[in-house]
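Fold the following.
(chains A and B)
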Number of protein chains: 2
Amino acid sequence: MQKGQDMNKDQYQVERWDIFELTLEGPSSGNPFIDVTISAQFSHQDRVVAVNGFYDGDGNYKIRFMPDVPGVWNYVTKSNVPELDGIEGQFTCVAAPEGVHGPVTVYNTHHFAYADGTPYYPFGTTCYAWTHQGDAMEEQTLETLQKASFNKIRMCVFPKDYPFNKNEPVYYPFERDESGESDFTRFNPAFFDHFEQRLAQLAELGIEADIIIWHPYDRWGYATMDEESDFRYLRYLIARLSAFHHVWWSLANEYDFMDKPMERWDRFFQILVQGDPYQHLRSIHNGNPEDMYDHTKPGVTHVCIQHSNIRQVVEWRQAYGKPIVNDELEYEGNITYPWGGISAEEEVHRFWVMVVNGGYAGHGETYMHPDDILWWSKGGVLHGKSWQRIGFLREIIEAAPQGGLSPQRGSEGHLFENGTMFGGYLWQRFSGGRNGETQLVYLENYQPKFLPIWLPEGDYQIEMINPWEMTISPAKVKKLSEAPSYSYDFPGTIDPTHEIELPGKPRMALRIRPSKS
Amino acid sequence: MQKGQDMNKDQYQVERWDIFELTLEGPSSGNPFIDVTISAQFSHQDRVVAVNGFYDGDGNYKIRFMPDVPGVWNYVTKSNVPELDGIEGQFTCVAAPEGVHGPVTVYNTHHFAYADGTPYYPFGTTCYAWTHQGDAMEEQTLETLQKASFNKIRMCVFPKDYPFNKNEPVYYPFERDESGESDFTRFNPAFFDHFEQRLAQLAELGIEADIIIWHPYDRWGYATMDEESDFRYLRYLIARLSAFHHVWWSLANEYDFMDKPMERWDRFFQILVQGDPYQHLRSIHNGNPEDMYDHTKPGVTHVCIQHSNIRQVVEWRQAYGKPIVNDELEYEGNITYPWGGISAEEEVHRFWVMVVNGGYAGHGETYMHPDDILWWSKGGVLHGKSWQRIGFLREIIEAAPQGGLSPQRGSEGHLFENGTMFGGYLWQRFSGGRNGETQLVYLENYQPKFLPIWLPEGDYQIEMINPWEMTISPAKVKKLSEAPSYSYDFPGTIDPTHEIELPGKPRMALRIRPSKS
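From the prediction side, this is the model:
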């Protein structure tokens, strides 16, 4: 973030997708959070972007802006307070440094890319309340994130009250009186300063912040604010956070476990659509599998799902026509609750099914801990074994050409061409994804010794992947001159062209792509 | 089987549920299979049972009868041939030898029992064409069955034409001309003699014969006989086989892959209902999961299913109100087809889910073999690792009191009483079954370190079961005075009474029952 102290100098520069911040002094009497409106128009050539500012306490008013195009930007403020109104200035937006690609957007219907076109495949984790654990653990969490290869994190603005989460937060988002009662009309700038510091550190690590705005697990009253307070809070977040290029908006964790009427959730989406100048990604997360929000609604950019029936990803893709992110396919851990009790092997298995079928998944870790430090909520260190394997899967996905995987199931075949005896049938059980000429097959719980496939003319590199051992090795492949004797001999089908010999173990994968010439 | 040579002697004795067989000489000219009708009425006190006989070649006519009540039985024959008509006789039915309990029937809606009330829990395997492999392999199959602890076998009358099944059978069920064309009006008694010999050997091993009457995998024309031939064949089977106490009728393997109209399948059930004097169990097996026969029809005694979505067992129980036997939840093996490609671990897992939720499952084994000898069809020896574990599960089920398991899911709780924070919720993921005060829990892919449960006042024996290692050991149990800190503290819920400490590994099970005083 570039602080705006020198903003009147001509040479003042902001990197593309970084934050230009303008700080102005104004009234501190009354309730500036309510009484004062402040905004600015940023213009570049014939383009004008309107941005709301916010009160940051101590008579300070701030306007943040993320320039998305290099060049000279001019601005002029607008306020109901004369001293904040009509202030003009300019800055120059320069190229982004290497590694900064701008906000993530939807790409190719079911996938994502950064603003500069670089592919982005979410491999996220979950640390709901990590910014509420105090500096020592928060720094530890950041160190862990640096070692792991997650590129998204689900995190709540509000602190959490839940089993394993009984500690008070260091900062509170609203002013509180001595009895602990919050004044929802007065935000606590120290809270947000801290939160934004952590946000900025995530950006440095290349991790998208999937910010959860509401959640039901609360003892401070944040979950049950009235409509007016909810709207004010959301607008304040937009004003403070939307200039961070790596922000995603997740309206809620488990919205269906909260008491807000559906119209309010719909309205939240509308406020984001109208108020976020950068149109950051927007979604909402269900609790019950049966109570999914209607993700076909236009304000929803991608589908967040909590669902353990992972093979439904193909149907979800078809139903929604948006990227599918199953952020809770259950977590690796050993707590009593099934949502946090699957093995590392099962977590990795579910990731592969989600991803190979053209969706995305989210990680979490919930191992019992003597001090109740569970990664899924507090952060700290990782104890499990799935996170490395998820990183391995990420490498495989990122090595494919841009475009993202489309599921073989429900589509025309290729590897197992429809028309062979191994056509669509096998996709009823195996997972297969295709990205151009690159095909990825995950054999799930099946352990075939031989896999006959059909490939168009050409030379192919066929590799066997062991998702758990994290190895990739050349597969044993034989060219076939006729269908193997163990296959059905239905008349009218075409013969497979190759046979792959496999180790006869479950949960193996194959990558097949044209040989580099 | 007691041959009927001495049937006119007063002291002629037949054991209860064994076969009384009357052989009569009659015409051998023309086509006795079609031309001659023969039947008998067997009477005991005021009870009369009508039984059809059959032509067995060489001028021999046979009538078989299975007496189900000890005492004196009289009979009189009826025929359109004078020399076979009006023949009278009697025999005495004596007590069954130890270990013989009579035919299996439906018991307690979703379960089975033998005629004498002894519980019967099916733990079956599949050897479709084992009686067509020649004596050496057939004897080997019987030896294997003696070592394994299966108590049911799915087996076809007809030979099989399919991948791995290209050998000709030793016997053909119908007379054939030199070109191999069958005469469906003339049965081959040698075929049936052989088949019945194998049936009798199964009875000696205590194995129920789930006889598959039709199937689609055929190159001899048996799958596509006309209606008249189908009906004649079915009636001939009834006359020959129904006196075997351990016969179950399975109309088809994968009926939906055959060309017969639905009315014909319905009619087959009616013929069995009307023609089988002993009302042996009747069902029919689907191919596609979507094409299940309507098992609510009254002729169907129990539900045969081919389905890999095993947790649906609870819904199937509710939908049909009959015993559920998932005979193809996919087989342990390594062939290309997913139906025969799951690991032993997965096979055992699926058995546990089916059985703990109050259903039953069927085993099969399909490992590639240099001579195409796959257990699932030909028999021979077992190569896998699931069969021993299935035997272990059978022991556990048979150790419970009579009555069979009812699923916890969808019913009032007990172990996790509804009303605790661990109520119905956990059953959405775990499998639990209850038989009176005995409760069995299978934790599926979850690996909780602690499991808080609710038990009524009393002393309990709580054991941890490792289904794969086949061990049963006392569980570490702590009495709770309050809900553990890691549980949700929803108001209005009651507290669990005990906490079980577990090893934090997936696929573990628990058995909880009152201590023996």
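
Which residue is the nearest non-sequential neighbour of residue A:485?
On the basis of CB to CB, 6 or more residues apart in numbering or on different chains, the spatially nearest residue to residue A:485 that is not a chain neighbour turns out to be residue B:163, at 6.9 Å. Where C-beta positions appear, they are placed from N, C-alpha and C, glycine not excepted.

Can you pull the residues of the stretch 101-250 of chain A lying near chain B?
Taking CB under 8 Å from any CB of the partner chain, the part of the stretch 101-250 of chain A that reaches chain B is made up of A:162-164, A:166.

And those residues, which is closest to residue A:245?
Distance to residue A:245 across those (CB to CB) is lowest for residue A:162, with 30.6 Å.

wait, doesn't that closest one sit right on residue A:217?
Yes. The pair formed by residue A:162 and residue A:217 meets the contact definition of CB atoms under 8 Å, at 4.2 Å.

Which one of the two is surrounded by more residues?
Set side by side, residue A:162 and residue A:217 show more neighbours around residue A:217, with 22 against 17, by other CB atoms under 10 Å in any protein chain shown.

so that one sits in a strand?
No. Using DSSP: H, G, I helix; E, B strand; the rest coil, the secondary structure at residue A:217 is coil, not a strand.

Could I get the full set of helices for chain A?
The residue ranges that make up the helices of chain A, judged by DSSP state H, are A:32-35, A:135-147, A:189-204, A:227-241, A:262-275, A:313-320, A:344-356, A:375-378, A:386-399, A:424-427.

Mean pLDDT and distance to residue B:25 for those helices - can I get that in TSV?
As requested, the helices of chain A are arranged in TSV below (pLDDT from 0 to 100; distance: least, CB to CB, whole Å):
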stretch	mean pLDDT	distance to residue B:25
helix A:32-35	98	109
helix A:135-147	98	89
helix A:189-204	98	94
helix A:227-241	98	95
helix A:262-275	98	84
helix A:313-320	95	67
helix A:344-356	98	67
helix A:375-378	98	82
helix A:386-399	97	75
helix A:424-427	77	54
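
winner for burial among these?
A comparison of the helices of chain A by mean neighbour count, using mean count of other CB atoms under 10 Å in any protein chain shown, puts helix A:375-378 on top with a mean of 26.

Paired strands for the biggest strand by length in chain A, with orientation please.
For chain A, the strand reaching the highest residue count under DSSP state E is reported as strand A:71-79. Taking DSSP bridges as the criterion, strand A:71-79 sits next to strand A:38-44 (antiparallel), strand A:88-94 (antiparallel) in its sheet.

how about low-confidence regions in the stretch 401-517 of chain A?
For the stretch 401-517 of chain A, applying pLDDT under 70 flags the ranges A:412, A:489-491, A:517.

Go again with 80.
Filtered on pLDDT under 80, the stretch 401-517 of chain A yields the residue ranges A:410-413, A:418-425, A:488-493, A:516-517.

Tell me which stretches of it form strands.
Listed from the start of the chain, the stretch 401-517 of chain A has strands (DSSP state E, counting those that start in this stretch) covering A:406-407, A:431-435, A:438-442, A:450-453, A:460-466, A:471-474, A:476-479, A:498-501, A:509-514.

mind giving me CSV with those and columns for mean neighbour count and distance to chain B?
As requested, the strands of the stretch 401-517 of chain A are arranged in CSV below (neighbours: other CB atoms under 10 Å in any protein chain shown; distance: least, CB to the nearest CB, whole Å):
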stretch, mean neighbour count, distance to chain B
strand A:406-407, 22, 16
strand A:431-435, 24, 11
strand A:438-442, 23, 13
strand A:450-453, 22, 6
strand A:460-466, 18, 15
strand A:471-474, 12, 19
strand A:476-479, 13, 14
strand A:498-501, 18, 9
strand A:509-514, 19, 13
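
closest one to residue B:382 among the ones you listed?
For the strands of the stretch 401-517 of chain A, the distance to residue B:382 is smallest for strand A:450-453, at 21.4 Å, taking CB to CB.

Can you tell me, leaving aside adjacent residues, what's nearest to the residue in the stretch 251-400 of chain A positioned nearest to chain B?
Of all residues in the stretch 251-400 of chain A, residue A:338 sits closest to chain B, with a separation of 3.5 Å (CB to the nearest CB). Spatial nearest neighbour of residue A:338, excluding adjacent residues (CB to CB, 6+ apart): residue B:429 at 3.5 Å.

Was I right to think the one you found contacts residue A:340?
No. Counting by CB under 8 Å, residue B:429 sits too far from residue A:340 to count as a contact (11.0 Å).

Just want to know which of those two has more residues nearby.
The neighbour count for residue B:429 versus residue A:340, taken as other CB under 10 Å, is higher for residue A:340 (25 against 19).

okay, the more buried one: pLDDT?
At residue A:340, the model reports a pLDDT of 96.

Would you enumerate the residues in contact with it?
By CB atoms under 8 Å, 6 or more residues apart in numbering or on different chains, the residues touching residue A:340 are A:330-331, A:333, A:364, A:366, A:374, A:376.

before we move on, what about residue A:125?
For residue A:125, counting by CB under 8 Å, 6+ apart, the contacting residues are A:145, A:148, A:150, A:152-154, A:362-365, A:375, A:387.
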